[in-house]
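Chemist: can't give you the sequence, but here's the structure:
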């Protein structure tokens, strides 16, 4: 089983990297980009039977810093 | 003073702080490897050095905060043993939860490496006893992720409780309220981005950092 963990900065937390990407897009002539927020995607390859709450615990204990980041877990059953 | 310096893979200021501590205390600190589970018996001062532990993977300080030795460090801090985290060490202290907030990418996105002016906000702490409140000191910084952020309530609490030990006296990295260093609520844990061990002898260009350790030695002995 695989799971994807999406880690994003909480709303309101300053994102200098997102801002730099935004400026670079504008520099390339892309118009209409109103805001950019950068985050992380972590893919986990898991043994069967790992529960949602275990993945959530992994997020809270290590993968995300919940002071500044939110996380979202997406489970993908193997084909 | 029996000091211990925690060494993580990627620490690069561990020897600098060891030299500084030996000069001030007259005794070489124990260099404690991150995979150890215990501190030497009688350790009465702990330093988490600067550097790029674990290559800053995931987040600065995130992996180091989960290293085996950090249980013993956290336990010692909760018993009141003085603990300083410099630069990467500050990042580790926030990641392990001994200090609130987080250190994010510098607002200007660039690595900042130069001497900066700091204002000593609190001269009553173990670490700042040798300074005058309001004094301006010069200490170098060298970091990419030194932009201190916390929610407004936390910032207000830190200010209200006198836990902002040091503030930047010039623009450096975008830190909320120009915070350069903070104390825990018991006052025995200090995290700071500037490197006092790099302003230690005249050859460094200044000795303002040395007084931090001299004051600490006097306060604990």
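Modeler: Sure, I can see it. A quick note: this is a predicted structure, and the numbers were derived from the prediction, not measured.
Chemist: find the nearest non-adjacent residue to residue 9, please.
Modeler: All of this is about chain A. With Cβ to Cβ, 6 or more residues apart in numbering or on different chains as the criterion, residue A:9 has its nearest non-adjacent residue at 5.2 Å, and that residue is residue A:15. Yep, even glycine has a C-beta here, placed from its N, CA and C like the rest.
Chemist: if you could check chain B rather than the one you did, that'd help
Modeler: Using Cβ to Cβ, 6+ apart, the closest residue to residue B:9 is residue B:54 (6.2 Å).
Chemist: do you know how far the one you found is from residue B:166?
Modeler: From residue B:54 across to residue B:166, the span is 26 Å (Cβ to Cβ, to the nearest Å).
Chemist: can you tell me which residues contact the closest residue to residue B:120 other than its chain neighbours?
Modeler: Of all residues not flanking residue B:120 in the chain, residue B:131 sits nearest, at 4.2 Å (Cβ to Cβ, 6+ apart). By Cβ atoms under 8 Å, 6 or more residues apart in numbering or on different chains, residue B:131 lies in contact with B:120, B:123, B:137, B:211-212, B:215.
Chemist: mind checking the SS state of residue B:131?
Modeler: coil (DSSP: H, G, I helix; E, B strand; the rest coil).
Chemist: so the residue nearest to residue B:9 sits right up against residue B:10, yeah?
Modeler: Yes: using Cβ atoms under 8 Å, residue B:54 is in contact with residue B:10, at 5.6 Å.
Chemist: pick out whichever of those two has more residues nearby.
Modeler: Neighbours were counted for residue B:54 and for residue B:10 using other Cβ atoms under 10 Å in any protein chain shown; residue B:54 has more, 21 against 16.
Chemist: did I read that right, that one in a helix?
Modeler: Yes: counting by three-state DSSP, residue B:54 is part of a helix.
Chemist: elements contacting the helix or strand where residue B:85 lies?
Modeler: Taking DSSP states H and E as the definition, residue B:85 sits inside strand B:83-86. Judged by 3 or more Cβ pairs under 8 Å, 6 or more residues apart in numbering or on different chains; DSSP states H and E, the packing partners of strand B:83-86 are strand B:45-48, helix B:69-78, helix B:88-96, strand B:189-192.
Chemist: tell me the mean pLDDT over the last one?
Modeler: Think strand B:189-192. Averaging pLDDT along strand B:189-192 gives 98.
Chemist: can you tell me if it touches chain A.
Modeler: No: between strand B:189-192 and chain A, judged by Cβ under 8 Å from any Cβ of the partner chain, nothing touches; the nearest distance is 13.7 Å.
Chemist: give the pairing partners of that strand; include direction for each.
Modeler: Using DSSP bridges, strand B:189-192 pairs in its sheet with strand B:83-86 (parallel), strand B:179-183 (antiparallel).
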